[in-house]
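Trainee: Requesting a structural model of the entry that follows:
(chains A and B)
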Amino acid sequence: MRSVASRTSFRRRFVNGLMLGLTYVAAGVATLPLLFVLVYLLAKGVSAVNWSYFTSLPRPPGMGGGGAANAIVGTLVIVAGASVMGVPIGIGAGIYLAERKGAPLAVFVRFLADVLNGLPSIVMGIFAWELVVVPMGHFSALAGALALGAMMIPTVTRTTEEMVRVVPSTLREAALALGYTRWRTSLRIVLPTALAGIVTGVLVALARVAGETAPLLFTAFGNDFWSLSLNQPMNALPLQIFNYAISPYDDWHAQAFAGALVLIALVLIISLLARAATGRGFARASE
Amino acid sequence: MPASEALARARADAADLAAQPARMEVRELNAHFGVVHAVKDVSMPIPEKRVTAVIGPSGCGKSTFLRTLNRMHETVPTARISGTVLLDGQDIYAPAVDPVSVRRHVGMVFQRPTAFPTKSVRGNVAAGLGVLRSVGERVDVDERVEEALRRAALWDEVKDRLDVSALELSGGQQQRLCIARALAMNPGVLLLDEPTASLDPLSTEKVEDLVRQLREDITVVMVTHNMEQAARVSDQTGFFLHGELVELSPTSQLFTRPGDTRTEAYITGRFG
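Mentor: Numbering: from 1, shown residues only, chains lettered A, B, ... in the order given. Below you'll find the model as predicted:
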């Protein structure tokens, strides 16, 4: 009896160890792409990241110097514009989905949001091109913000829905029992309680669209000069990276790497903010 | 207490309850959710400035009954209600009546404390006042908050901590905070749904003392699992079983000489 027991136990421990080992390997491999990208970018791009990269405008190839100040500001402006459009719609839709879980329209909207989430980003660019660029007759930052804003909607919607759903129903009842109307309950009680989670969702969506290139190619288009007008073409980091990377000039290639590095840093900062927001939310909830 | 004395007391209580005008009156009330017939043909007067206790085993419909008194039952998707509930002589289920305004007059406190986690102590008590202002009532917030906290016997414990998060209060304090929040609306009737179910004995005692004080100026209906509690704080007690109101008697009578064998079986612990 005893020897049999110890044999199965040895076999089980061996298989267990093997499988555990395989998951370690998988976990290690999963981080490799990011590590390679980071190391490669640092090696190639760090030399081009200097003060003038952040302060000067792009210069023609061969002149040396020059930077991406307009692209950095442009990315911030376009992403801000996208948020102005995408965040209120996403939060509103998310509240609707959470409060009317089973309604046929809610099921339909939830399905559409998931489809929208999987939509190729270039299709979103075509949509914005058709809707804004064609009628206006020229490229504009507005069209780029619209494309990115539409891309933010599904993420914000679904996160808001999840976060609103985990607000205890007893809080809703308590508000209703005080004579709150349904919309007042959602706005004054449920939304603030779910806020930390929603902020995280918004930041995740921001981080995602900040790096999108395809939707900007024929909307914001890019611009070699300063422009803060939403009505005009605007430069953005992903666009400049794209344009410089496909050019034949070495100094532009270096600047493309620098741009990639700055963009990754930007996304990293947004992600860290997102984690900080959630962390504070958990701390407050467990008090 | 000798039997004759108990009898005399029950008679006196019955006379007192009968003399009291009915603040609310329930007539042939039926409530469903889904296919469950939770409240069956219940009729019951709720005398003004008295405490009405509702007891019965789990699932007997007592909480649902309570929730029909401020139209909270219908916030559940599959809920249906028929019958009449009069508040000061007016049917709260009449087509012209807005459920939201009913809830401003009939306050409610739940089984577990439901302090709003993002609001301060003051913010919680004042939470309903914005609703009053939005319908044009003039409200001095600070004054109302202090008054409500005093009535809920919480003022001395929190007066220096009005701006801390409500979640920093103990469970018992949070429950009294919820009572204060309901009282700030100046309701004529207060519904308590097992208000001490999640509290320790000391906090329970405080809430019971509070209910006895509230009786001075408002009408209270309290669902409770705890028969001693019903006996301690209520004037009349209704016993629910399978959705029916088996018996409604002065509390002093129901617990000493129940009028129905099922009531007797329940209060002597033979089931439930």
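
Trainee: and the residue sitting nearest the centre point of chain A, which of the three is it?
Mentor: By CA atoms, centre = their mean, the mean C-alpha position of chain A lies nearest to A:R208, the distance being 2.1 Å. Going by DSSP: H, G, I helix; E, B strand; the rest coil, the secondary structure assigned to A:R208 is helix.

Trainee: quick one: which helix or strand includes the nearest residue to B:K159 once chain neighbours are set aside?
Mentor: Using CB to CB, 6 or more residues apart in numbering or on different chains and skipping the chain neighbours, the partner closest in space to B:K159 is B:L149 (7.5 Å). C-beta here means a position set from N, CA and C on the backbone, and glycine is covered the same way. If you go by DSSP states H and E, B:L149 is part of helix B:141-151.

Trainee: contact partners of that helix?
Mentor: Contacts of helix B:141-151 from elsewhere in the structure, counted by CB atoms under 8 Å, 6 or more residues apart in numbering or on different chains, are B:122, B:125-126, B:129, B:155, B:158-159, B:162, B:180-181, B:183-184, B:213-214.

Trainee: Quick one: buried ones out of the residues you listed?
Mentor: In terms of neighbour count (16 or more other CB atoms under 10 Å in any protein chain shown), the buried residues within these are B:122, B:125-126, B:129, B:155, B:158, B:162, B:180-181, B:183-184, B:214.

Trainee: tell me which of the residues you listed is nearest to A:I122?
Mentor: B:A126 (51.6 Å; CB to CB).

Trainee: Surely the closest one touches B:M185?
Mentor: No: because the distance of 10.5 Å does not satisfy CB atoms under 8 Å, B:A126 is recorded as not touching B:M185.

Trainee: By mean pLDDT, flag the weakest helix or strand of the chain.
Mentor: Using chain A here. One helix or strand of chain A scores below all others by mean pLDDT, DSSP states H and E: helix A:250-286, with a mean of 77.

Trainee: wait, chain B
Mentor: Within chain B, judged by mean pLDDT, DSSP H and E, the helix or strand with the poorest mean is helix B:129-134; its value is a mean of 84.

Trainee: now check that one, is it near chain A?
Mentor: Yes: where contact is defined by CB under 8 Å from any CB of the partner chain, part of helix B:129-134 touches chain A, namely B:130-132.

Trainee: Who wins on neighbours among these?
Mentor: Comparing the residues of helix B:129-134 next to chain A on neighbour count, B:V131 comes out first with 22 neighbours (neighbours: other CB atoms under 10 Å in any protein chain shown).

Trainee: hang on, that one packs against A:R184?
Mentor: Yes: under the criterion of CB under 8 Å, B:V131 lies in contact with A:R184, with a separation of 7.3 Å.

Trainee: okay, and for the chain, where does confidence drop off?
Mentor: Went with chain A since none was named. A:1-8, A:278-287 (pLDDT under 70).

Trainee: hm, I was asking about chain B
Mentor: B:1, B:272.

Trainee: Most proximal residue of the stretch 151-272 of chain B with respect to chain A?
Mentor: Evaluated by CB to the nearest CB, the stretch 151-272 of chain B has B:L167 as its residue closest to chain A, separated by 5.2 Å.

Trainee: Would you double-check that that residue falls in a helix?
Mentor: Yes: under the criterion used here (three-state DSSP), B:L167 sits inside a helix.

Trainee: That one touches B:T118, doesn't it?
Mentor: No: the pair B:L167 / B:T118 is not scored as a contact, 9.4 Å apart, by CB under 8 Å.

Trainee: Do you have the helices of chain A handy? List them.
Mentor: A:2-45, A:51-55, A:69-99, A:104-117, A:121-128, A:134-136, A:141-165, A:169-177, A:182-185, A:191-210, A:214-217, A:237-245, A:250-286 (DSSP state H).

Trainee: Summarise which helices and strands the first one is packed against.
Mentor: Using 3 or more CB pairs under 8 Å, 6 or more residues apart in numbering or on different chains; DSSP states H and E as the contact criterion, the secondary-structure elements in contact with helix A:2-45 are helix A:250-286.

Trainee: and stretch A:180-196, which residues are buried?
Mentor: A:180, A:184-186, A:188-191, A:193-196.

Trainee: for stretch B:234-254, same thing?
Mentor: Taking 16+ other CB under 10 Å as the basis for neighbour counts, the residues of stretch B:234-254 that come out buried are B:234-241, B:243-254.

Trainee: do the same with stretch B:46-54
Mentor: B:46-47, B:49-54.

Trainee: Can you tell me which of the residues you listed lies closest to A:R158?
Mentor: Checking the buried residues of stretch B:46-54 one by one against A:R158 (CB to CB), the nearest turns out to be B:V54, at 42.2 Å.

Trainee: Thank you, goodbye.
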